[in-house]
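Peer 1: model this:
(chains A and B)
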Amino acid sequence: MSGTFVGMPAFPEAARDAVGNTTLRANLRHATHTIRDKRAKAVAELADWQQLREAGKQIKNHTLRHLERYLVQLEESVVRAGGTVHWAADADEANRIVADLVKATGEREVVKVKSMATQEIGLNEALAAEGISAYETDLAELIVQLGRDLPSHILVPAIHRNRGEIRDIFREEMGKWGRAAPDALTDSPAELAEAARLHLREKFLRAKVGVSGANFMVAETGTLVVFESEGNGRMCLTLPETLISVVGIEKVIPTWQDLEVFLQTLPRSSTAERMNPYTSMWTGTTDGDGPSVFHLVLLDNGRTDTLADEVGRQALRCIRCSACLNVCPVYERAGGHAYGSVYPGPIGAILSPQLRGTESEIDASLPYASSLCGACYEVCPVAIDIPEVLVHLRERVADRGGKGHRLEKAAMKAASWAMDRPGVMAAAERAATRTRRLHPKKVPGTGAWTDSRALPELPEKSFRDWWKGEGR
Amino acid sequence: MTRGDGETGAASRTGTGTGSRDRILARVRTAVADAREAPEVTRDYLTTHTPDDPAAVLDLLHENLAEYRALVHRTDAEGLPPLLARLLAERGSATVLAPAGLPPEWLGATDAVRVQDRPESTAAELDAVDSVVTGCALAIAETGTIVLDGGPDQGRRRITLVPDHHICVVRAPDQVVASVPRAMVRLDPTRPLTWISGPSATSDIELDRVEGVHGPRTLEVVLVSD
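Peer 2: Numbers count the residues shown, from 1 in each chain, chains lettered A, B, ... in the order given. The predicted structure follows:
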């Protein structure tokens, strides 16, 4: 996999390729099962997990309901603390703002801490077009960037690569970007991490501009928060003279105290740790410590459209922990690239079609990239009802018509008509039971789903008939 | 750096995209105009998961720090200088960086040359230092976390980041809290805060944990009891 998400085929075609790739499936299965088991243990340590989950949901819902108030308060707090706030309606505007800010420093290089928002807007490519090199410094992001690849997981973007593939990428590509990998590099994770340390350290020590995202922004205080493990985030947030943070408007929370909920739920849900190794919090600038210039770019890029949808807006509660990816049977088999977006997995299936609209083939197919098993809802630390939003988005796609979707819409209409009329329903069930030996095992012509699955056998009696008879 | 010169009102406090500011806020307003009021947050989660027993809380901190591969030592005020001297000697550290407000007696027993934390010192100079010794703002037992807030005995954020060996001194019981909520009420969000749970680590390669990618590869925590 390499290149760009733009022009991706729809989910079924992309997933078919991924399912046929046995290396990819083995890498993914190993990783998702390891992390989901660890996560369950970390969560079980907290007796009040359900209360924390409910509080997280309520904090986010309350913020979204009063988003205007909290964004204005955040702006005031950041400005008071010495920062400058910029507003970007879409990806182009955000990229232009960041490129102009970098150029104003006279620099042509930036170091980046992993950020979903800057991936979403294609910032690296936009900066490259302006002659500015953006270096990803998270180990997994480095692997993805050097391999001219795309991230496939929210937390572990190179989850689809095994150690042998990573060694090959380091050997071939590191020298083109800076310090080359040692000749004798093996595929041991410790040696690979050491090669990355040496390669990136020379970039950190000379960097004048850092670019980040943020996990949370506190309206009350103007504090931004980044969770990470390696220290590359701390490097990017404290060594450069200028720091530019690009953050989606949905990342704001009202108060300092609210942060205590997410400090407990995010690490346990994402890396399955009681706490990730490093969390950095900064409020504007601090004299003599860290960057002397701080810019915050607040990004809309489809978020206000998502906010306007009464069912779909709950996707904006997402804190990007990636727990839903690791439990998803569809993600485990299809891999992250099949979703055609920086947001893969169940959350990507509801977030991408809302941020981008459902006009493209890939976005129209994403609400169907699920078996609706509900595991994603169960693990979500802010209780996003992903299956509910998937069904809601399917209706939206079906309403627009199109191949396949018309058929489903017609079937659903017929079913709801019958279900609303008990007599019709009972007659239909009896008719189905009496003719059950004549039923085909598969439904021809309805697509990929039924081609690979046998229909369930109908019982001898319908439940209603059984209930009327011996059931009682 | 403000680029909205000449504009008025709220917009003048911001940088670029001031037209977009008003547009985004208007879109936000419209998007939730008909939304139901969201209830106030119910905070019925626990403020601690640990009994209020200072000795038990300290043991839990020790255990959780060690599980995340920090090296943990215990001593009292009198034992601290010789312990720090021993830890630096065992590592062969010739130079030790210490913030200006570190109690001078802490490093009274070491032969290592003390390097001052100066604003003008470059990252490359920090890279050449063998070890750094700091205090902390507090430590959280349930998560095995030490929190630095840039206080006089902790110094700038970069000094605990660039050198490869960090020794952090925690004073028990004063600086030890049981839980995250207990820590939040004691921290000042206007200061730059760094929460550290174990040494730098990555799990990006097949989820195998490797210590020391960019931050210090070795984190030693000294728990000093009264």
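
Peer 1: alpha carbons only for contacts and neighbour counts from here, please
Peer 2: Will do.

Peer 1: Let me see the confidence value for residue A:468.
Peer 2: At residue A:468, the model reports a pLDDT of 75.

Peer 1: Ramachandran angles for it?
Peer 2: For residue A:468, the backbone dihedrals (degrees, to the nearest 10) come out as phi -70, psi -30.

Peer 1: and what of residue A:177?
Peer 2: Note on residue A:177: backbone dihedrals following degrees, to the nearest 10 are phi -110, psi -10.

Peer 1: now do residue A:274
Peer 2: Dihedral pair for residue A:274: phi -60, psi -40, per degrees, to the nearest 10.

Peer 1: from memory it sits against residue A:266, does it?
Peer 2: No - between residue A:274 and residue A:266 there is no contact under CA atoms under 8 Å: 9.3 Å.

Peer 1: Quickly note the distance from the residue lying farthest from the centre of chain B to chain A.
Peer 2: In chain B, the greatest distance from the average C-alpha position (CA atoms, centre = their mean) is reached by residue B:34, at 42.8 Å. Distance, residue B:34 to chain A, by CA to the nearest CA, to the nearest Å: 9 Å.

Peer 1: contacts for stretch A:278-293?
Peer 2: The contact list for stretch A:278-293 (CA atoms under 8 Å, 6 or more residues apart in numbering or on different chains) reads A:78-83, A:221-231, A:234, A:237-243, A:294, B:119, B:156-158, B:189-197, B:200.

Peer 1: in that stretch, what's buried?
Peer 2: Under the neighbour-count criterion of 16 or more other CA atoms under 10 Å in any protein chain shown, stretch A:278-293 has A:278-286, A:289-293 buried.

Peer 1: repeat for stretch B:120-127
Peer 2: Buried positions in stretch B:120-127, judged by neighbour count with 16+ other CA under 10 Å: B:123, B:126-127.

Peer 1: Output the residues you listed in CSV, with secondary structure, pLDDT and distance to chain A appended to each entry.
Peer 2: Output for these, formatted as CSV (DSSP: H, G, I helix; E, B strand; the rest coil; pLDDT from 0 to 100; distance: CA to the nearest CA, whole Å):
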residue, secondary structure, pLDDT, distance to chain A
B:123, helix, 83, 6
B:126, helix, 92, 10
B:127, helix, 90, 9
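
Peer 1: list the contacts for the closest residue to chain B within the stretch 151-300 of chain A?
Peer 2: Using CA to the nearest CA, residue A:277 is the residue of the stretch 151-300 of chain A that sits closest to chain B, at 4.3 Å. Counting by CA under 8 Å, 6+ apart, residue A:277 touches A:228-230, B:195-201.

Peer 1: could you redo the last one with a cut-off of 10 Å?
Peer 2: Taking CA atoms under 10 Å, 6 or more residues apart in numbering or on different chains, we find residue A:277 in contact with A:227-231, A:267, B:68, B:144-146, B:195-202, B:215.

Peer 1: Spatially nearest residue to residue A:202 (excluding sequence neighbours)?
Peer 2: Nearest non-adjacent residue to residue A:202, counting by CA to CA, 6 or more residues apart in numbering or on different chains: residue A:179, 7.9 Å away.

Peer 1: By mean pLDDT, which helix or strand of chain A comes out lowest?
Peer 2: Sorted by mean pLDDT, DSSP states H and E, the helices and strands of chain A end with helix A:448-451, the least confident at a mean of 57.

Peer 1: Give the residue spans of the stretch 351-472 of chain A that score low on pLDDT.
Peer 2: A:401-419, A:421-457, A:470-472 (pLDDT under 70).

Peer 1: Name the strands paired with the helix or strand encompassing residue A:211 and say parallel or antiparallel.
Peer 2: Taking DSSP states H and E as the criterion, residue A:211 maps to strand A:209-212. Paired neighbours of strand A:209-212 in the sheet (DSSP bridges): strand A:109-112 (parallel), strand A:242-248 (parallel).

Peer 1: what does the average pLDDT come to for it?
Peer 2: For strand A:209-212, mean pLDDT rounds to 98.

Peer 1: roughly how far is it from the heart of the chain?
Peer 2: Relative to its chain's centre, strand A:209-212 lies at 21 Å (CA atoms, centre = their mean, to the nearest Å).

Peer 1: and residue 20, what does it touch?
Peer 2: Looking at chain A here, since you left the chain open. Per CA under 10 Å, 6+ apart, neighbours of residue A:20: A:333-334.

Peer 1: Can you look at chain B instead?
Peer 2: A:86-90, A:93, A:299-300, B:26.

Peer 1: Buried ones in stretch A:114-134, by neighbour count?
Peer 2: A:114-119, A:121-124, A:126-127, A:132-134.

Peer 1: Over to stretch A:5-16?
Peer 2: In stretch A:5-16, counting by 16+ other CA under 10 Å, buried: A:8-12, A:14-15.

Peer 1: Lowest-confidence entry in the residues you listed?
Peer 2: The lowest pLDDT within the buried residues of stretch A:5-16 belongs to residue A:8, which sits at 76.

Peer 1: helix/strand/coil for that one?
Peer 2: coil (DSSP: H, G, I helix; E, B strand; the rest coil).

Peer 1: Please verify my assumption that it contacts residue A:337.
Peer 2: Yes - under the criterion of CA atoms under 10 Å, residue A:8 makes contact with residue A:337 at 9.2 Å.

Peer 1: Name the residues contacting each of those two.
Peer 2: Counting by CA under 10 Å, 6+ apart, the residues touching both residue A:8 and residue A:337 are residue A:14.

Peer 1: sorry, back to before: now for the contacts of residue B:20, which pair is the farthest apart?
Peer 2: Using CA to CA, the contacts of residue B:20 reach their maximum pairwise distance at A:93 and B:26, which is 17.5 Å.

Peer 1: and those two? which has more neighbours close in?
Peer 2: Neighbour count, other CA atoms under 10 Å in any protein chain shown: between residue A:93 and residue B:26, residue A:93 has more, with 19 against 13.

Peer 1: Name the nearest residue to that one, sequence neighbours excluded.
Peer 2: Spatially, and ignoring its direct neighbours in sequence, residue A:93 is nearest to residue B:17 (7.7 Å; CA to CA, 6+ apart).

Peer 1: Distance of the one you found relative to residue B:88?
Peer 2: Remark: distance between residue B:17 and residue B:88 (CA to CA, to the nearest Å) = 52 Å.

Peer 1: buried residues in the strand holding residue A:211?
Peer 2: The neighbour-count check on strand A:209-212 (16+ other CA under 10 Å) flags A:209-212 as buried.

Peer 1: next one: stretch B:153-168
Peer 2: B:153-168.

Peer 1: which of those are close to chain A?
Peer 2: The overlap between the buried residues of stretch B:153-168 and the neighbours of chain A (CA under 10 Å from any CA of the partner chain) comes to B:155-158, B:161-162.
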